[in-house]
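Peer 1: sequence? don't have it. structure:
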């Protein structure tokens, strides 16, 4: 006799909970999935921390640091989002982007590591100083900062 069809309990990318046929109290599963989807849709974090804030605000998200404590214990590297009076956690995936409100720039998950561009050093020295070239470089850096590619 063939095995019955097995359905996964969570989505493959972000682990959003899935419903089962005949499942009781479906609203809990649906609300949990909606809370995670809300946090992951164009995510923005307040910053990176090991400890949850003392007075978290609904809707705020944080990147959990390498040595988490309290309600974040065991969740190193996760996104912790305050939703419905509790913390919802999501594991970042490669290619995910978020806005870091503490630095004002975009961060991208690459190879399991959050990356962000750093501001290049201003040109200096040289036998011939080209003021127009330096002004153009400064303008390019300013635009990259305005686009949240470089830190403000």
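Peer 2: On my side now, so go ahead. Quick caveat, the model's predicted, so the values are computed rather than measured.
Peer 1: which SSE is immediately downstream of the host helix or strand of residue 38?
Peer 2: For residue 38, the host element (DSSP states H and E) is helix 26-40. Once the chain leaves helix 26-40, the next helix or strand it forms, by DSSP H and E, is strand 44-45.
Peer 1: quick one: strands adjacent to that following strand?
Peer 2: Using DSSP bridges, the strands paired with strand 44-45 are strand 97-100 (parallel).
Peer 1: contacting residues around the strand it pairs with?
Peer 2: For strand 97-100, contacts defined as CB atoms under 8 Å, 6 or more residues apart in numbering pick out 42-45, 47-48, 63, 79, 105-109, 116, 148. In this view, the C-beta of every residue, glycine as well, is placed from N, C-alpha and C.
Peer 1: what segments of this protein are strands?
Peer 2: 44-45, 48-49, 61-64, 79-83, 86-90, 97-100, 105-110, 113-115 (DSSP state E).
Peer 1: what's the burial count for the residue lying closest to residue 63 once chain neighbours are set aside?
Peer 2: In space, and not counting its chain neighbours, residue 63 is closest to residue 48: 4.3 Å by CB to CB, 6 or more residues apart in numbering. When neighbours are defined as other CB atoms under 10 Å, residue 48 has 16 of them.
Peer 1: next one: the one 5 residues further on
Peer 2: For residue 53, the tally of surrounding residues (other CB under 10 Å) stands at 13.
Peer 1: and the residue nearest to residue 63, what pLDDT?
Peer 2: At residue 48, the model reports a pLDDT of 95.
Peer 1: from residue 80, how far out is residue 59?
Peer 2: Here residue 59 is placed at a distance of 12 Å from residue 80 (CB to CB, to the nearest Å).
Peer 1: do residue 68 as well
Peer 2: 8 Å.
Peer 1: that older thread, could you list every residue that touches the residue nearest to residue 63?
Peer 2: Residue 48 makes contact with 62, 63, 64, 65, 100, 102, according to CB under 8 Å, 6+ apart.
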